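# Quick one: sequence plus predicted model below, questions after.
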Amino acid sequence: MKERDNILRIFQETKEAIKKGDSAKIKGLSDQTINTASLTHDPDNIAVAVIVYSLSKILERKEYKKLPGWERFYKAYIKAIDKIISALKKDDEKKVRENLKLIRKEIGKLSGKLKKYIQDVFTKAKINKASKIYEHGISMEKTASLLGITMFDLAQYAGQKEEISEQREAKTMEVRERIKLAMEMFK
Amino acid sequence: MKAIIFDASTMITLTMNGLLKEFRGLKKIFNGKFLITKDVKKEIVDKPSRINRFKLEALKLNELISDKVLEMSSSVGINPVIVSQKTEEFKKIANSTFTAEKEIHILDSGEASCFALSRLLDEKNIQNVLAIDERTARMLGEKPENLHKLLERKLHKKITAKKENYEFFKGFKFIRSSELIYVAYKKGIIGLKNGVLEALLYAVKFKGCAISNEEINEIRTIGKGNRKY
């Protein structure tokens, strides 16, 4: 696991933000493992980013709380985060991973609308985090494979992000030159 | 003989915008082959065909292959095994070019296979360009120093570049779906009129083509002129 201390801090601050109901803060925290994830492709850092971001989105949706299964799922989610914090403090990577996986398993136990909603939140969280990694300079295909999503998902999402399309470094040739090249191929 | 090698990113942009009819139109006026590799096929047909949301796109793309609009490397006498071997070489070099604490893996097999096929076509003296909408592979080929800058700026770390690797990626030519759209527009393949070029350029941008607003404005201005290339 890369940057254990950073992950511990993120989870501790996430817990604080949950108490305050500050989903914007949680969202911000979810981006803080992206640098490490982009550099090392460490699956733990990627999982943390997805799990923390998903939590922020779940907390935003008040209507989820009325659905059957919510109480049990939410309690299990928070309990898993507590266990992750405790395992990180003990430097017990095995336990950290077990609890990261446990959150996924809890989704599997859900049923009906809530299951569909939560699965959707996790898929969107993966796409969001993938676009962040792509923004950092890793290729589209590599990023999609790291997050286990399709390039179709990533292309659509990334295409709408000005942070990506307006990156000043991305202009690598004069527009006129590239047009000329394309037109010449079709002569 | 000439060829355009398509990366998954470009085919995805065109498909998601419903522009495959125009793509077929481009093939009709192209005096050469539209090629993909088996790694690109994996990304645009095999993987999405297992996901309900993208099954239709996978079917449409597969039909392009069945209709020989898109062809595999074997259609120009290049053995896919050789492409795979060369792909590994390109991947290895690309993914060892930039280092922080360890090597930063920037490319995957599909993108690397496009470079590989282009190099193999060069060896056969077949004129070719790469159609790649995603920006990392293009930057590596055209301005690796910019990719170095981008990685450092975004990762907030000192990145070491193995500059001798830059040479390996020199000489490749890149276009994007935006330029293909421009050609289709100029050649009268696009049915719509009145501001259609701008609309199409934004459409491809929003489906993943790495093009800036400034570049779109420039292409739009060029499109208004009658300059012959």
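The structure has been received and is ready for your questions.
# A strand includes A:Ser38, no?
No: with DSSP: H, G, I helix; E, B strand; the rest coil as the criterion, A:Ser38 is located in helix rather than a strand.
# what's the burial count for it?
In terms of burial, A:Ser38 registers 28 neighbours under the definition other Cβ atoms under 10 Å in any protein chain shown. Any C-beta I mention is one placed from the backbone N, CA and C, and that applies to glycine too.
# and it, what is it in contact with?
When contacts are counted by Cβ atoms under 8 Å, 6 or more residues apart in numbering or on different chains, A:Ser38 touches A:Lys132, A:Ile133, A:His136, A:Gly137, A:Ile138, B:Ile104, B:Lys154, B:Leu155.
# and those residues, which of them are in helices?
Helix and strand membership here follows DSSP state H; of the contacts of A:Ser38, those in helices are A:Lys132, A:Ile133, B:Lys154, B:Leu155.
# The nearest residue to B:Met11 once chain neighbours are set aside: what secondary structure?
The shortest distance from B:Met11 to any non-neighbouring residue, by Cβ to Cβ, 6 or more residues apart in numbering or on different chains, is to B:Ile44 (4.9 Å). Of the three states, B:Ile44 takes helix according to three-state DSSP.
# Am I right that B:Ile44 is in contact with B:Leu61?
Yes: in this structure, B:Ile44 is within contact of B:Leu61 by Cβ atoms under 8 Å, at 4.9 Å.
# any shared contact partners between the two?
Counting by Cβ under 8 Å, 6+ apart, the contacts common to B:Ile44 and B:Leu61 are B:Met11, B:Thr15.
# neighbour count winner among the two?
A direct count of neighbours by other Cβ under 10 Å for B:Ile44 and B:Leu61 places B:Ile44 higher, at 31 against 27.
# so can I have TSV of the ones in helices among the contacts of A:Ser38 showing neighbour count, distance to B:Lys68 and pLDDT?
As requested, those are arranged in TSV below (neighbours: other Cβ atoms under 10 Å in any protein chain shown; distance: Cβ to Cβ, whole Å; pLDDT from 0 to 100):
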residue	neighbour count	distance to B:Lys68	pLDDT
A:Lys132	25	39	95
A:Ile133	26	36	95
B:Lys154	21	41	93
B:Leu155	19	43	91
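# Looking at the residues you listed, which one is closest to A:Glu98?
Nearest to A:Glu98 among the ones in helices among the contacts of A:Ser38: A:Ile133, at 24.9 Å, using Cβ to Cβ.
# What distance do you get for the closest one to A:Tyr157?
12 Å (Cβ to Cβ, to the nearest Å).
# Please name the residues that touch B:Ala94.
When contacts are counted by Cβ under 8 Å, 6+ apart, B:Ala94 touches B:Ile106, B:Leu107, B:Ala112, B:Phe115, B:Leu140, B:Asn165, B:Phe169.
# Is there any residue in stretch A:105-116 that contacts chain B?
No: judged by Cβ under 8 Å from any Cβ of the partner chain, stretch A:105-116 makes no contact with chain B; its nearest approach is 13.2 Å.
# Please point out which parts of that stretch sit buried.
Residues of stretch A:105-116 classed as buried under the neighbour-count rule (16 or more other Cβ atoms under 10 Å in any protein chain shown) are A:Glu106, A:Ile107, A:Leu110, A:Leu114, A:Lys115.
# Columns secondary structure and pLDDT on top of the residues you listed, output as JSON lines?
Putting the buried residues of stretch A:105-116 into JSON lines (DSSP: H, G, I helix; E, B strand; the rest coil; pLDDT from 0 to 100) gives the following:
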{"residue": "A:Glu106", "secondary structure": "helix", "pLDDT": "89"}
{"residue": "A:Ile107", "secondary structure": "helix", "pLDDT": "89"}
{"residue": "A:Leu110", "secondary structure": "coil", "pLDDT": "90"}
{"residue": "A:Leu114", "secondary structure": "helix", "pLDDT": "92"}
{"residue": "A:Lys115", "secondary structure": "helix", "pLDDT": "93"}
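# Of those residues, which pair is most distant in space?
Between all members of the buried residues of stretch A:105-116, the longest pairwise span (Cβ to Cβ) is found for A:Glu106 and A:Leu114 and amounts to 11.1 Å.
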